[in-house]
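Chemist: Need coordinates for the following:
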Amino acid sequence: MLALARAPGVGPLRAGALLHAFGSAVEAVDNGVRGGWPGLTRWPLPRARAAGRAVDLAAAERELWRGRRVGARLVTLADPDYPAPWRPEDGWPLALWVRGAWPAAVTGHAPLAVAIVGPRRASPEAQRFARELAFAACRAGAWVVSGLAYGVDAAAHQGAIDAARGGAAASTLAVLAGGVDRVHPAAHRDLARALLDAGGGIVAAAPVGAVPATGAFPVRNRWIAGLSSVVAVVEAGPRSGALHTATAALELGREVRTTPARPWDGHAAGSLALLRDGAAPLLEPEDAWLGLPAGVRPAPPLPGGPPRPAPPSPWDRLLGAAPLDVDGAITATGWGVGAVVAALEGGVVDGWATRLADGRYRRA
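Modeler: This is a model prediction of the structure:
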């Protein structure tokens, strides 16, 4: 199956046609190597024959060895835990590499999973909401699916990790555009390790070791939608990649939910457009998992929210219930304005600080 998936010029659609013509991947590959494949619709006979003869069984064996070396396992269309609704003729990949968990809750016909997506340059408030959203979903028993990117993706994975560490039965699945061993961005390697340690999983359709190809991310976004029953879009801009996921979700018949925003806020123009087009609003963390199909809806979440980390020094003594402005923080710390703002905004993202409407900060 892997050799067929990696054959030159053979995408999911042609692979599906070959499987239908020959009955199995083994027969398709064997016939291709011996004499080339017959012509198919929009695939002239000379090209089909050349592609069949170019199947590289040795390369597939080498990839299997690399997969085992990085602790991944291959899941193909022939396996019982291949995603139930997926078919190659609909454009789904023929083979997937998985590290860590590969839960039946995500691969079933009606996935007990919520995709949480949004921009890489999300506001601190959006990241905090994504984290709370993921925490509530996992505590209710629904898996969280995202793309391990900066911003909303990372916050969603972290919220799910927090829930899993706190005893939740569900965790989180990261879908990569490159190889399953190529965490992208590289700065999220620690997050990927934490995700695996918390019972989560990492999945990719690209060859082991492959860097993300140009144009791979919109395809990856479709896979994220395909592994979920609800897609929650948090603060999407007018050209956010999260809108690719939302579009794919609508094409696949999934529910799309998004956060409301101020009409003049360009950072959320995509979310406003989704609301205008009929997406349900996300007003509180529970709204995402409540959008799951009734037959797979989990129990209400366990009480409690994501843990709030304690502020590091010197903010543990400077921040309290009383607001602190930037000038006061500069005076108290002796730091420059850039260092102060970076530290406090980092605290907002991490959950130990809150930024007020007037620009002052206080302890969360």
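Chemist: where are the low-confidence patches of the protein?
Modeler: For the chain, the stretches flagged by pLDDT under 70 are 36, 39-42, 238, 262-268, 288-291, 293-308.
Chemist: Name the single longest helix found in it.
Modeler: Criterion DSSP state H: the longest helix present in the chain is helix 124-140.
Chemist: After that helix, which helix or strand is next?
Modeler: Following helix 124-140 in sequence order, the next helix or strand is strand 143-146 (DSSP states H and E).
Chemist: So what touches that following strand?
Modeler: Identification of contacts with strand 143-146 by C-beta atoms under 8 Å, 6 or more residues apart in numbering yields 103, 105-106, 111-117, 134, 137-138, 152-153, 156-157, 159-160, 170-175, 224, 227-228. Heads up, the C-betas are built off the backbone N, CA and C, glycines and all.
Chemist: again with stretch 17-34
Modeler: Contacting residues not belonging to stretch 17-34 are listed as 1, 3-4, 7, 10, 37-38, 40-41, 51-53, 55, 57, 76-78, 88-89 [C-beta under 8 Å, 6+ apart].
Chemist: Now a ChimeraX select for only the buried ones of these.
Modeler: Entered in ChimeraX, the line below selects the buried ones among these, by 16 or more other C-beta atoms under 10 Å:
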select :1,3,4,7,10,37,38,51,52,55,76,77,88
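Chemist: CA-only coordinates of the longest helix of the chain in PDB, if you can.
Modeler: Below are the C-alpha coordinates for helix 124-140, written out as PDB (Å, rounded to 0.1, in the frame of the first residue of the first chain):
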ATOM      1  CA  PRO A 124      -3.500  36.800  23.800                       C
ATOM      2  CA  GLU A 125      -7.300  36.700  24.500                       C
ATOM      3  CA  ALA A 126      -7.900  34.400  21.600                       C
ATOM      4  CA  GLN A 127      -5.100  32.100  22.700                       C
ATOM      5  CA  ARG A 128      -6.500  32.000  26.200                       C
ATOM      6  CA  PHE A 129     -10.000  31.200  24.900                       C
ATOM      7  CA  ALA A 130      -8.700  28.400  22.600                       C
ATOM      8  CA  ARG A 131      -6.900  26.900  25.600                       C
ATOM      9  CA  GLU A 132     -10.100  27.000  27.700                       C
ATOM     10  CA  LEU A 133     -12.100  25.600  24.800                       C
ATOM     11  CA  ALA A 134      -9.700  22.600  24.400                       C
ATOM     12  CA  PHE A 135      -9.600  22.100  28.100                       C
ATOM     13  CA  ALA A 136     -13.400  21.900  28.300                       C
ATOM     14  CA  ALA A 137     -13.700  19.600  25.300                       C
ATOM     15  CA  CYS A 138     -11.200  17.100  26.700                       C
ATOM     16  CA  ARG A 139     -12.700  17.200  30.100                       C
ATOM     17  CA  ALA A 140     -16.000  16.300  28.500                       C
END
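Chemist: so what does it touch, helix or strand wise?
Modeler: strand 113-117, strand 143-146, helix 152-165, helix 286-290, helix 337-350 (3 or more C-beta pairs under 8 Å, 6 or more residues apart in numbering; DSSP states H and E).
Chemist: can I get those in a markdown table with distance to residue 214 and mean neighbour count?
Modeler: Converted to a markdown table, those look like this (distance: least, C-beta to C-beta, whole Å; neighbours: other C-beta atoms under 10 Å):
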| stretch | distance to residue 214 | mean neighbour count |
| --- | --- | --- |
| strand 113-117 | 20 | 32 |
| strand 143-146 | 22 | 31 |
| helix 152-165 | 20 | 28 |
| helix 286-290 | 31 | 22 |
| helix 337-350 | 30 | 16 |
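Chemist: how about a markdown table for the ones you listed, with distance to residue 68 added?
Modeler: Output for the helices and strands packed on helix 124-140, formatted as a markdown table (distance: least, C-beta to C-beta, whole Å):
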| stretch | distance to residue 68 |
| --- | --- |
| strand 113-117 | 27 |
| strand 143-146 | 25 |
| helix 152-165 | 25 |
| helix 286-290 | 36 |
| helix 337-350 | 37 |
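Chemist: Show the end-to-end separation of stretch 2-15, please.
Modeler: End-to-end distance of stretch 2-15 (C-alpha to C-alpha, to the nearest Å): 11 Å.
Chemist: quick one: it to chain centroid distance?
Modeler: Centre-to-centre, stretch 2-15 and its host chain are 24 Å apart (C-alpha atoms, centre = their mean, to the nearest Å).
Chemist: Residue 35: how many residues sit nearby?
Modeler: As a burial measure, residue 35 scores 11 neighbours (other C-beta atoms under 10 Å).
Chemist: What's the separation between the most centrally placed residue in the chain and residue 135?
Modeler: The centroid of the chain falls nearest to residue 146 when counting by C-alpha atoms, centre = their mean (1.7 Å). Separation of residue 146 from residue 135 (C-beta to C-beta, to the nearest Å): 13 Å.
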